[in-house]
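>>> structure of the sequence below:
(one chain, ligands or ions: 2)
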Amino acid sequence: MKDMFRLDGKVALVTGASYGIGFAIASALCRAGARVVFNARRQELIDQAVAEYARQGMDVRGYCCDVTSEEEVQQLVATVAREVGPIDILVNNAGIIKRIPMTEMSVEEFRQVVDIDLTGPFIVSKAVIPSMIERGGGKIINICSMMSELGRETVSAYASAKGGLKMLTRNIASEYGRYNIQCNGLGPGYIATPQTAPLREEGHPFNSFILAKTPASRWGTPDDLAGPAVFLASSASDFVNGHILYVDGGILAYIGKQP
Ligand code: NAP
Ligand code: GCO
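Ligands and ions are numbered 1, 2, ... in the order given. Here you go, the predicted structure:
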């Protein structure tokens with residue numbers, strides 16, 4: 001049974017894995033046997049991440065690539081295929097958020113969030129699917145969000161992108177499932193990473209708000225995503241397609257703790 005969750009012989013690309021959730025997912029896939037590579041934009045942080053992966057006993061290669069550049073992505077996919085091997089598992093993790101009231105957000109700011117969080121996964125998925133088809137299948141995991149299902153003040157661009165990413169996930173599953181490509185989403189709840197650090201500052205009301213909205217009464221950690229990611233990357237999920245697996249401590253099931 002445990003062999004179903006092994007990834008030996010597979011090549012995995014995790015976008016945006018220089019730290020945060022991507023780093024945890026890349027580490028999990030590596031420990032499950034995959035050859036893992038990742039990309040990000042800032043070379044200094046890529047170098048630091050490669051050193052940290054190595055310090056933790058993992059041989060993970062990092063490449064400088066912006067997921068919003070189709071040219072850079074196509075070059076990344078070709079380089080990985082040449083240096084490591086064709087990509088079997090893609091995790092579209094790279095993402096940003098801008099917390100600005102919608103009427104105060106510029107069109108450029110809105111477009112930047114959607115470009116990275118939604119168009120980026122389209123670009124990278126489009127680049128890897130042809131070789132997955134040629135080789136008999138593959139796994140695509142899109143990192144969605146609570147905001148794939150819910151809205152809140154100041155995150156209109158992010159929620160629009162993550163809602164779209166849920167449907168891109170379902171559409172890739174629909175269009176390419178016949179080629180043994182499974183495309184699913186992982187929907188983290190509120191996870192303690194640099195992206196949410198502003199919400200966790202001492203005394204920030206959001207901290208107590210999230211603890212009251214989470215049955216588990218805690219913020220998630222990136223490592224909470226490790227097992228679900230390995231499941232969706234492995235043959236254990238070969239008949240799971242177009243599904244968004246929420247890893248949220250129960251937030252989406254819960255009305256919230258009575259004040
Ligand atoms: P994070 O700590 O801000 O890390 C983001 C990573 O993505 C960094 O490695 C960053 O490196 C990279 N990145 C950003 N823009 C990129 C681009 N255009 N091209 C390539 N790499 C890019 O974020 P996180 O909290 O780990 O979140 C990771 C994913 O999970 C995101 O999609 C986020 O929306 C989603 N998510 C997060 C939470 C949470 O509570 N933290 C919950 C649900 C979903 P560079 O800036 O150097 O490129
Ligand atoms: C926010 C948070 C969330 C998390 C995550 C929740 O400002 O509400 O940043 O959006 O990042 O996406 O699943």
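
>>> what sits against Phe110?
By CB atoms under 8 Å, 6 or more residues apart in numbering, the contact set of Phe110 is Ser156, Ala157, Ser160. To be clear about C-beta, it is placed using only N, CA and C from the backbone, and glycine gets the same treatment.

>>> 7 Å instead, please
Ala157 (CB atoms under 7 Å, 6 or more residues apart in numbering).

>>> also Val114?
Contact analysis of Val114 by CB under 7 Å, 6+ apart lists Ala157, Ser160, Ala161.

>>> quick check: which element contains it?
Val114 is part of helix 107-114, with elements assigned from DSSP states H and E.

>>> that helix: how far from the chain's middle?
Offset of helix 107-114 from its chain centre (CA atoms, centre = their mean, to the nearest Å): 19 Å.

>>> okay, that helix in PDB with CA atoms only?
Once non-C-alpha atoms are left out, helix 107-114 reads as follows in PDB (Å, rounded to 0.1, in the frame of the first residue of the first chain):
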ATOM      1  CA  VAL A 107      -6.000  48.200 -12.700                       C
ATOM      2  CA  GLU A 108      -2.200  47.400 -12.900                       C
ATOM      3  CA  GLU A 109      -2.200  46.000  -9.400                       C
ATOM      4  CA  PHE A 110      -5.300  43.900 -10.200                       C
ATOM      5  CA  ARG A 111      -3.700  42.600 -13.400                       C
ATOM      6  CA  GLN A 112      -0.400  41.800 -11.600                       C
ATOM      7  CA  VAL A 113      -2.100  39.500  -9.100                       C
ATOM      8  CA  VAL A 114      -4.200  37.800 -11.800                       C
END
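
>>> and that helix, what's buried?
The neighbour-count check on helix 107-114 (16 or more other CB atoms under 10 Å) flags Phe110, Val113, Val114 as buried.

>>> what of stretch 110-127?
Quick answer for stretch 110-127 (16+ other CB under 10 Å): 110, 113-125, 127.

>>> before we move on, what about stretch 208-228?
Residues Ile210, Lys213, Thr214, Trp219, Gly220, Pro222, Asp224, Leu225, Ala226, Pro228 are the ones in stretch 208-228 that count as buried (16+ other CB under 10 Å).

>>> likewise stretch 22-31?
Buried residues in stretch 22-31, counted by 16+ other CB under 10 Å: Gly22, Phe23, Ala24, Ile25, Ala26, Ser27, Ala28, Leu29, Cys30.

>>> and that stretch, is it in reach of ligand 2?
No. With CB under 6 Å from any ligand atom as the criterion, ligand 2 is not reached by stretch 22-31; the gap is at least 13.3 Å.

>>> next: stretch 193-212.
Yes. Using CB under 6 Å from any ligand atom, stretch 193-212 reaches ligand 2 at Gln195, Thr196, Leu199.

>>> among those residues, which one has the most neighbours?
In terms of neighbours by other CB atoms under 10 Å, the residues of stretch 193-212 next to ligand 2 top out with Thr196 at 18 neighbours.

>>> contacts made by the helix or strand bottoming out on mean pLDDT in the chain with the rest, please.
In the chain, the helix or strand scored least confidently by mean pLDDT, DSSP states H and E is helix 205-213, which has a mean of 92. Under the contact criterion CB under 7 Å, 6+ apart, helix 205-213 has outside partners Tyr190, Leu199, Arg200, Ser217, Trp219, Ile251, Tyr254, Gly256, Lys257.

>>> can I take it that the second one is in a helix?
In other words, Leu199. Yes. Assessed with DSSP: H, G, I helix; E, B strand; the rest coil, Leu199 lies in a helix.

>>> now it, nearest residue through space, not along the chain?
Distance criterion CB to CB, 6 or more residues apart in numbering; nearest residue to Leu199, sequence neighbours excluded, is Phe206 at 4.3 Å.
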